[in-house]
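Peer 1: give me a 3D structure for the following:
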Amino acid sequence: MPLTDLEVRKARPAEKAYRLSDSGNLYLWVTPAGGKLWRWSYRHDGKGKLMSFGKYPDVPLALARERHAEARKLLATGTDPMAQRKAEKTAEKGAVENSFQSVASLWLEHWQDGKSPRHVEYVKRRIETDILPCLGPRPIAEIEAPELVAMASAIQDRGARDIAKRALETVGQVFRYGIAHGYAKRNPASEIRPSDILKSKRKTNYARINAKELPTLLKRIEVYQGTHVTRLAIKLMALTFVRTSELIGAKWAEFDLENARWDIPAERMKMRTPHIVSLARQTLEVLEMLRDLTGHSEWLFPGDRNASKPMSNNTILKALERMDYKGRMTGHGFRGLASTILHEQGYAHEHIEIQLAHAPRNAVSAAYNHALYLGPRAKMMQDWADFLEHIQRGGKVLPFRGTAT
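Peer 2: Residues are numbered from 1 along each chain as shown. This next block holds a predicted model:
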């Protein structure tokens, strides 16, 4: 008689293992330890075989019968059900080993050599967040270009166009690695361009006041009611016109005050090349005041809530907003002002561009150009600081006292 659910549920262990038969040689094997295993005995090519269908109660009676029926159908066609199961598991294992996720993991391990831990963590997080949910389980050799388009479009739809572009670049690198190591034969990422699927990015125009409004801003900075550290940060930005991220991440170890020089390492620069800022007399005065306030810290501008990290990149922007410059001026705006005014005063374009750390067309030359024209640049920076001091004290916006070079 076929088994019932009640019989299976009430089956108790005995001193020796025993079986409770169902039908078609399917039975429940009850062990002395209380285990209940579904088994099926059959013959193939004249040999006795024993196949397992799982453990009760994970596999209830109805599911065991369903698996048993499928196995019997295979046997009726002359196929050994156990051999078929083994082949399927081998194929599944091969698919996992050749999945995009597994190849991406191998690529990441290879690629990360020599990279900063922070950059590696960023790339790893982006792969896990944006790429693997779409491509992870897919065999890398079967992925087609439309799947990459769908991935990039989904990222762009949430307002992250730049991340979508970087995701396509990363996918392309994984495919190149896969081709080199025999996991794939073609790179579908090379068959499309970001511009084919991503919307064009509008150039960001950072808000900034015009030169005539600069004297008023400088006066308001002097009487800013916020913290002294924030006020000095804005003054230093006006004097050096570096990028906000380069300023707030500044460390005291980067400064040689005796030689009036600030060396920003390549890893902190947007273009990944070192940058030199000549320090004017007024800039050194700001740094001396700042050292009394934060000289005990690694950072020039330690955070208010967590002194082990630098201040937030929104600190300067919020301070400018409190001075009634919301939507009219940003920290980045000092760069535009300096560029415009210095060009108008006749300073050499290449001196200004290098001081702004704008990358030349040749990335190799950028690694060397950072140290060019240090003499003229130092004079230009002192002239700029003198100009800011002059107009902040009420002087008219007139040509610089120095001679443009």
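
Peer 1: what ranges do the strands span in this structure?
Peer 2: Listed from the start of the chain, the chain has strands (DSSP state E) covering 18-21, 26-30, 36-44, 47-56, 255-256, 261-264, 275-278.

Peer 1: tell me how many other residues crowd residue 209.
Peer 2: Close neighbours of residue 209, defined as other Cβ atoms under 10 Å, add up to 17. (Each C-beta comes from the backbone N, C-alpha and C, glycine too.)

Peer 1: give me every residue that touches the closest residue to it other than its chain neighbours.
Peer 2: Counting by Cβ to Cβ, 6 or more residues apart in numbering, residue 329 is the residue found nearest to residue 209 once chain neighbours are left out, at 5.2 Å. Neighbouring residues of residue 329 by Cβ atoms under 8 Å, 6 or more residues apart in numbering: 207-209, 217, 320.

Peer 1: among these, which ones are in helices?
Peer 2: Judged by DSSP state H, helices contain the following of those: 217, 320.

Peer 1: for the contacts of residue 329, work out which two are farthest apart.
Peer 2: Largest separation among these by Cβ to Cβ: 207 and 217, giving 12.4 Å.

Peer 1: all helices of the stretch 301-405 of the chain, in order?
Peer 2: 315-322, 333-344, 349-355, 363-369, 374-392 (DSSP state H, counting those that start in this stretch).

Peer 1: what about the nearest residue to residue 72 once chain neighbours are set aside? Give its phi and psi, please.
Peer 2: With Cβ to Cβ, 6+ apart as the criterion, residue 72 has its nearest non-adjacent residue at 6.4 Å, and that residue is residue 24. Summarising the backbone geometry of residue 24 under the convention degrees, to the nearest 10, its torsions are phi 60, psi 30.

Peer 1: and if you look at the one 10 residues further on?
Peer 2: Note on residue 34: its backbone torsions stand at phi 100, psi 0 [degrees, to the nearest 10].

Peer 1: that one: what's it in contact with?
Peer 2: So, once contact is read as Cβ under 8 Å, 6+ apart, residue 34 ends up touching 12-13.

Peer 1: output the below-cut-off pLDDT ranges for the stretch 151-300 of the chain.
Peer 2: Along the stretch 151-300 of the chain, the model assigns pLDDT under 70 to residues 201-205.

Peer 1: swap the cut-off to 90 and go again
Peer 2: Judged against pLDDT under 90, the low-scoring parts of the stretch 151-300 of the chain cover residues 154-166, 183, 191-208, 211, 266, 269-273.

Peer 1: re earlier: out of the strands of the chain, nearest to residue 190?
Peer 2: Nearest to residue 190 among the strands of the chain is strand 275-278; the distance by Cβ to Cβ comes to 34.2 Å.

Peer 1: export the closest one to CSV, keeping only CA atoms.
Peer 2: These are the backbone C-alpha positions of strand 275-278, laid out as CSV (Å, rounded to 0.1, in the frame of the first residue of the first chain):
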residue,chain,number,x,y,z
HIS,A,275,50.5,70.0,-7.9
ILE,A,276,52.6,72.8,-6.4
VAL,A,277,51.1,76.0,-4.9
SER,A,278,53.4,78.8,-4.1
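
Peer 1: tell me how far that strand lies from the chain's centre.
Peer 2: Counting by Cα atoms, centre = their mean, to the nearest Å, strand 275-278 is centred 28 Å from the centre of its parent chain.

Peer 1: parallel or antiparallel, list what pairs with it.
Peer 2: The sheet places strand 275-278 alongside strand 261-264 (antiparallel), with pairing taken from DSSP bridges.

Peer 1: hmm, who's touching the partner strand?
Peer 2: Taking Cβ under 8 Å, 6+ apart as the criterion, the residues outside strand 261-264 that touch it are 240, 242, 246, 250, 254-256, 274-279.
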